[in-house]
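Asker: Need a 3D model of the sequence below.
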Amino acid sequence: MSRKDRQDHKSPDHNGPQKPSSIETLTKEIIAFRDERDWKQFHNAKDLAIAATIEAGELLELFLWKSPEDADREKVRRELADLLMYSLLLAHEQELDVADIIREKLAENRSKYPVSKAKGNARKYTEL
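Answerer: Below is the predicted model:
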């Protein structure tokens with residue numbers, strides 16, 4: 001089993017196997033955490049979008065001026081988790097089904113980036 005495979009099967013605190021989690025289950029856990037602290041009052045769509053953007057910036061900062069493999073993996077994990085949690089909260093606030101919107105976007109991207117034109121090419125669809 002590769003290092004990545006082993007890590008994929010461990011809990012966030014690395015103490016053993018973790019059961020598979022659906023997006024819905026994760027969102028419920030995040031909402032429970034938020035509600036226990038009475039933070040819903042701060043979680044409107046605008047502020048969640050801003051928070052996600054800030055977390056994305058913090059994630060980017062970990063890669064600044066270094067090669068991708070030199071970024072601190074543990075810090076990347078934490079910042080990515082923050083970004084994903086705010087993203088899931090924003091989807092919940094907007095009553096969006098995460099799986100549906102991702103599938104819709106994949107379908108749109110399949111149309112914009114057909115394999116015959118985009119394979120091995122990093123250009124934007126308007127330049128293919």
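
Asker: Do you know the pLDDT at the nearest residue to Y125 once chain neighbours are set aside?
Answerer: For Y125, ignoring the flanking residues on the chain, the nearest one in space by C-beta to C-beta, 6 or more residues apart in numbering is K112 at 3.9 Å. No exception for glycine: its C-beta is placed from N, CA and C like everyone else's. With respect to pLDDT, K112 scores 94.

Asker: Could I get the phi/psi values of K112?
Answerer: phi -70, psi -30 (degrees, to the nearest 10).

Asker: who's in contact with stretch 56-63?
Answerer: A71, D72, K75, V76, E79, L80, D82, L83 (C-beta atoms under 8 Å, 6 or more residues apart in numbering).

Asker: residue ranges of the helices in the protein, please?
Answerer: Per DSSP state H, the chain carries helices over the ranges 3-8, 23-36, 45-61, 73-93, 98-112, 115-118.

Asker: Return the most buried member of those.
Answerer: helix 73-93 (a mean of 17; mean count of other C-beta atoms under 10 Å).

Asker: on contacts alone, who are the packing partners of it?
Answerer: In terms of contacts (3 or more C-beta pairs under 8 Å, 6 or more residues apart in numbering; DSSP states H and E), helix 73-93 is packed against helix 23-36, helix 45-61, helix 98-112.

Asker: chain center to it: distance?
Answerer: How far helix 73-93 lies from its chain's middle: 6 Å, per C-alpha atoms, centre = their mean, to the nearest Å.

Asker: Same question for stretch 111-124.
Answerer: Worked out by C-alpha atoms, centre = their mean, stretch 111-124 lies 23 Å from the chain centre.

Asker: That one spans what distance, first to last residue?
Answerer: End-to-end distance for stretch 111-124, by C-alpha to C-alpha, to the nearest Å: 13 Å.

Asker: And the contacts of that stretch?
Answerer: So stretch 111-124 is contacted by Y125, L128 (C-beta under 8 Å, 6+ apart).

Asker: ok so, going back, look up how far K124 lies from the residue nearest to Y125.
Answerer: Counting by C-beta to C-beta, to the nearest Å, the gap from K112 to K124 is 9 Å.
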